[in-house]
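Colleague: based on what follows, work out the 3D shape:
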Amino acid sequence: MQRLFSARRELCALFLALAAAGLAAAENWPQWRGPNNDGVSKETGLPTEWSESKNIAWTLKMPGKSGATPAVWGDRIFLTSADGNDIVLMCVSSDGKELWKSKLGTGDKVFRNGEGNNASPSPSTDGKHVFAFAGTGDLACSDLERTEVRKSNVHAKSGTFQTLHGYHTTPLLDGDRLYLQLIHSNAQYVVAFDKTTGREVWKAERKSDGHTENEHSYASPVIWRKGKDAYLITHGNDYAIAHRLEDGSEIWRVGGLNPRDKYNAYLRFVASPVATPDLIVIPSAKDHAVVGLKPDAEGLVMPGSKYELWRLNSGTPDVPSPLVYDGLVYLCRENGFLVCLDARTGKAHYNQRIHSAIYRASPVVADGHIYLTARDGVVTVVKAGTRFEKVAENTLPDDVAASPVISGGRIYLRGWKTLYAIGAPAK
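Modeller: Numbering: from 1, shown residues only. This is a model prediction of the structure:
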């Protein structure tokens, strides 16, 4: 009998250990590009194949269109969406039930033949509050139960957004700050807010000799961090610029992305940089340059600078942001080609078409698999590595501009009509 009790205790301890291991492996996805704002997940055992009838845990109809990527914390999913003429912030449970919905702003507009709308900026959360921004200029903070903490409209200080294709920049949540780049024809600056109080900590002007449509940036800021060192990177109006976190002052700027001797007045930036401890990849637009930058850069960085690891004169993705994983850089071109580069040299390992379609979502990677999402609802799964290997091609009946989200053993895909939870149904 004693041996039986002992066996039961050991079995119970094993179950608890397995459960704890599962909880430890589950990651939150607190903002657009994940835990480290780089599109990389540490989760394993995710599905690589799905369809309407396979590996779909649940679906939830959306109230309207949005290209915003959801944010996930624990068992809660946060989304922004059009809802009639309103822009709303939604909270959905991890079992697919709408928990609440609150109005963020009024005045939805659709841009570029349906490419985006005023619900395009993605929300973010720190597990205590959720922060949401809209193309209407409305910036709001609420708790996880819907109670509004504060709300403002940035038009009052920055002027009405003046861009050709709406305003799609996503604010960056990092530590006790919320960073917002405002780069359009009525404003050229970056601002840091105290996330708790909403107080403006600093505001820095982004000087540029760019003009015309290049004043309109659709990219989002990112943080570079290595150990205790960190700085903010903003992107738009012909330059990527690094700012000190203390006061927003400039550390470096990368130029030559829109050469003055053959200036393109319509080279607006959409894709955002990606920053890893030892490499920052800076895209431009419309098949122009992409730069592999050393993080210790200073001053004006032009072609041939000692601070460049490499610079390619063409091949940048126009909308999807770069991905860096296991010593390789992946560029998902807007025309359906995937380029794989050596992170140290920029040498191309392959340039392969993955699917003949338009790509707007940024790639993500988990467990050695890269997930690449096309506008027509096709997600191609490619094995990470120097040799191109397609693992699967999955189709859902929806348009998708949002990037995939990985959390709690599932892949969340926000289509224009439906939110999909991809994975085994809960038991």
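
Colleague: burial measure for the nearest residue to residue 396 once chain neighbours are set aside, as a count.
Modeller: Across the structure, with C-beta to C-beta, 6 or more residues apart in numbering as the measure, the residue nearest residue 396 apart from its sequence neighbours is residue 377 (4.5 Å). Using the backbone N, CA and C atoms, a C-beta is placed for each residue, glycine as well. Burial measure for residue 377: 20 neighbouring residues, criterion other C-beta atoms under 10 Å.

Colleague: pLDDT weak spots in this protein?
Modeller: Per-residue confidence for the chain (pLDDT under 70) gives these ranges: 1-25, 114, 426-427.

Colleague: hmm, 80 instead?
Modeller: Per-residue confidence of the chain (counting by pLDDT under 80) places the weak regions at 1-25, 112-115, 156-159, 161-162, 164-166, 425-427.

Colleague: hey, where'd the helices end up in the chain?
Modeller: Residue ranges of the helices in the chain, as given by DSSP state H, are 2-25, 155-158.

Colleague: sorry, back to before: I'd like to know how far the residue nearest to residue 396 sits from residue 389.
Modeller: Look at residue 377 and residue 389: by C-beta to C-beta, to the nearest Å, they are 22 Å apart.

Colleague: now swap in residue 247 and tell me
Modeller: Relative to residue 389, and taking C-beta to C-beta, residue 247 is found at 47 Å.

Colleague: can you check residue 68 too?
Modeller: Taking C-beta to C-beta as the measure, residue 68 and residue 389 are separated by 31 Å.

Colleague: so residue 338 sits right up against residue 332, yeah?
Modeller: Yes: with contact defined as C-beta atoms under 8 Å, residue 338 counts as touching residue 332 (5.7 Å).

Colleague: so those two - more neighbours on which side?
Modeller: Neighbours were tallied for residue 338 and for residue 332 using other C-beta under 10 Å; the higher tally belongs to residue 332 (28 against 25).

Colleague: quick one: residues contacting that one.
Modeller: Residues in contact with residue 332 (C-beta atoms under 8 Å, 6 or more residues apart in numbering) are 317, 320, 323, 338, 354, 359, 362, 363, 372.

Colleague: find the nearest non-adjacent residue to it, please.
Modeller: Once flanking residues are discounted, residue 332 sits nearest to residue 320: 4.2 Å by C-beta to C-beta, 6+ apart.

Colleague: count of residues packed around that neighbour?
Modeller: Other residues within reach of residue 320, judged by other C-beta under 10 Å, total 25.

Colleague: same check on residue 27?
Modeller: As a measure of burial, residue 27 has 17 neighbours, counting by other C-beta under 10 Å.

Colleague: same thing with residue 292?
Modeller: When neighbours are defined as other C-beta under 10 Å, residue 292 has 22 of them.

Colleague: what's the closest of the contacts of residue 332 to residue 415?
Modeller: Of all the contacts of residue 332, the one with the least separation from residue 415 (C-beta to C-beta) is residue 359, at 14.8 Å.

Colleague: need the contact list for the closest one.
Modeller: Neighbours of residue 359 in contact, by C-beta under 8 Å, 6+ apart: 317, 319, 320, 332, 333, 334, 335, 336, 372, 373, 374, 375.

Colleague: relative to residue 80, how far out is the fourth one?
Modeller: Okay, so that is residue 332. Relative to residue 80, and taking C-beta to C-beta, residue 332 is found at 23 Å.

Colleague: what does the second one give?
Modeller: To residue 80, residue 319 is 19 Å away according to C-beta to C-beta.

Colleague: just the fifth one next, same as before
Modeller: Distance, residue 333 to residue 80, using C-beta to C-beta: 27 Å.

Colleague: looking at those two, which has the bigger crowd around it?
Modeller: residue 80 (29 against 19).

Colleague: contacts only, for the more buried one.
Modeller: Under the criterion of C-beta under 8 Å, 6+ apart, the contact list for residue 80 reads 66, 68, 87-90, 104, 119, 121-123, 132, 134.

Colleague: and residue 189, by the same measure?
Modeller: Residues counted as contacts of residue 189 (C-beta under 8 Å, 6+ apart) are 158, 181, 182, 183, 203, 204, 205, 206.

Colleague: find the nearest non-adjacent residue to it, please.
Modeller: Once flanking residues are discounted, residue 189 sits nearest to residue 205: 5.0 Å by C-beta to C-beta, 6+ apart.

Colleague: so the one you found touches residue 188, yeah?
Modeller: Yes: at 6.5 Å, residue 205 counts as touching residue 188 under the criterion of C-beta under 8 Å.

Colleague: so for the two, which sits in the more crowded spot?
Modeller: Regarding residue 205 and residue 188, a neighbour count based on other C-beta under 10 Å identifies residue 188 as having more, with 19 against 11.

Colleague: what's the more buried one in contact with, if anything?
Modeller: 182, 205, 206, 207, 208, 215, 237.

Colleague: narrow these to just the buried residues.
Modeller: When burial is judged by neighbour count using 16 or more other C-beta atoms under 10 Å, the buried members of these are 182, 206, 208, 215, 237.

Colleague: farthest-apart pair in those, please.
Modeller: Checking the buried ones among the contacts of residue 188 against each other with C-beta to C-beta, the farthest-apart pair comes out as 182 and 208, at 13.1 Å.

Colleague: beta-bridge partners for residue 138, please?
Modeller: residue 153 (DSSP bridges).

Colleague: ditto for residue 330
Modeller: With DSSP bridges applied, the residues forming beta bridges to residue 330 are residue 323, residue 340.

Colleague: which residues does it contact?
Modeller: 322, 323, 324, 338, 339, 340, 341, 363, 365, 370.
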